[in-house]
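Colleague: next one to model:
(one chain, ligands or ions: 1)
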Amino acid sequence: MVDRQLRHRGIADERVLAVMASLPRELFIPPKLEAHAYMDDALPIDLGQTISQPYMVARMTELLQPTPGMHVLEVGTGSGYQAAVLARLGCSVVSIERHAPLADAARDRLEGLELGGSVRVVVGDGSVGRPEDAPFDAIIVTAAAPVVPRLLPGQLSDGGRLVVPVGPSQRQELTLVTRHGDDFETRDCGGCVFVPLLGAAGFREAAVGRRKWPGRQSLRSRPERPE
Ligand code: SAH
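Modeller: Sure, this is the predicted structure:
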């Protein structure tokens, strides 16, 4: 997985590659899908959600430039895999999930792992961030938002980085926002497809029901870079 799907496609951060080589992804997916654990795909978990494609996890992690001791907010715990990658890189992660059963399952999984850093999983609407734990050195949103959620950039510390997929259901742009004092620099970092961010600053649940959301996320759906 690391050589073919990550290094080959340009992931260069050796620490990220080493962590993803050592973290057992099969622990984060339903047992019946275990054989697919290292394939180049997002996979379904409970409640219609997904564990992200390994390339996407690596790419988003790399964009955050995580260093030991960094205080990170993740919006969308899902399986807990992305949070575990960040914690293995030494970060102290607060991860927020709107579905309590997913949060509980992720917490159980993470408890059994040696992480280096830490993960605290909380239940709630992460589209508005987590003001009580701000500021964060990095924020990662692992669900697609219609626009950059308004309250998130202000919860970054100076120099902090936010990565969030922004756009409509069929395709989003991975967007990196970097805080420089009171200025915010925004950079587009390529196409992606994620499940929707719901909640106050996300998509409306009723609207999502009517639209066709792909059941998985995959960079292979990038129209401009067919592989
Ligand atoms: N990071 C995950 C993948 C997450 S899939 C992993 O490594 O497995 C996206 C997740 O975001 C889903 O679990 C979904 O329930 C959650 N989500 C969507 N909107 C949310 C919101 N407003 N607040 C918190 N979680 C949200």
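Colleague: now the spatially most central residue of the chain, nearest residue through space, not along the chain?
Modeller: In the chain, the residue lying closest to the centroid (Cα atoms, centre = their mean) is residue 142, at 3.2 Å. Leaving aside its chain neighbours, residue 142 sits nearest to residue 76 (3.9 Å; criterion: Cβ to Cβ, 6 or more residues apart in numbering). (C-beta placed from N, C-alpha, C; glycine too.)
Colleague: neighbours around the closest residue to residue 67 other than its chain neighbours, how many?
Modeller: Leaving aside its sequence neighbours, residue 67 sits nearest to residue 90 (Cβ to Cβ, 6+ apart; 7.0 Å). Other residues lying near residue 90 total 17 when counted by other Cβ atoms under 10 Å.
Colleague: pull the contacting residues for residue 90.
Modeller: 66-70, 116-117 (Cβ atoms under 8 Å, 6 or more residues apart in numbering).
Colleague: tell me the mean pLDDT over stretch 55-63?
Modeller: The pLDDT scores in stretch 55-63 average 98.
Colleague: repeat for stretch 100-113
Modeller: On average, stretch 100-113 scores 97.
Colleague: how far off centre is that stretch?
Modeller: Remark: stretch 100-113 is offset 16 Å from the chain centroid, using Cα atoms, centre = their mean, to the nearest Å.
Colleague: ok, stretch 75-91 next?
Modeller: 8 Å.
Colleague: is that stretch in proximity to the ligand?
Modeller: Yes: applying Cβ under 6 Å from any ligand atom, one finds that stretch 75-91 is in contact with the ligand at 75-76, 78-79, 81-82.
Colleague: ok, and the most crowded of the residues you listed?
Modeller: residue 75 (30 neighbours).
Colleague: report pLDDT for the nearest residue to that one once chain neighbours are set aside.
Modeller: Nearest residue to residue 75 in three dimensions, chain neighbours excluded: residue 126, at 3.4 Å (Cβ to Cβ, 6+ apart). pLDDT for residue 126: 98.
Colleague: over to residue 181?
Modeller: 97.
Colleague: which residues does the closest residue to residue 59 other than its chain neighbours contact?
Modeller: Nearest non-adjacent residue to residue 59, counting by Cβ to Cβ, 6+ apart: residue 11, 6.6 Å away. Contacts for residue 11 (Cβ under 8 Å, 6+ apart) come out as 17, 55, 58-59, 62.
Colleague: much appreciated, bye for now.
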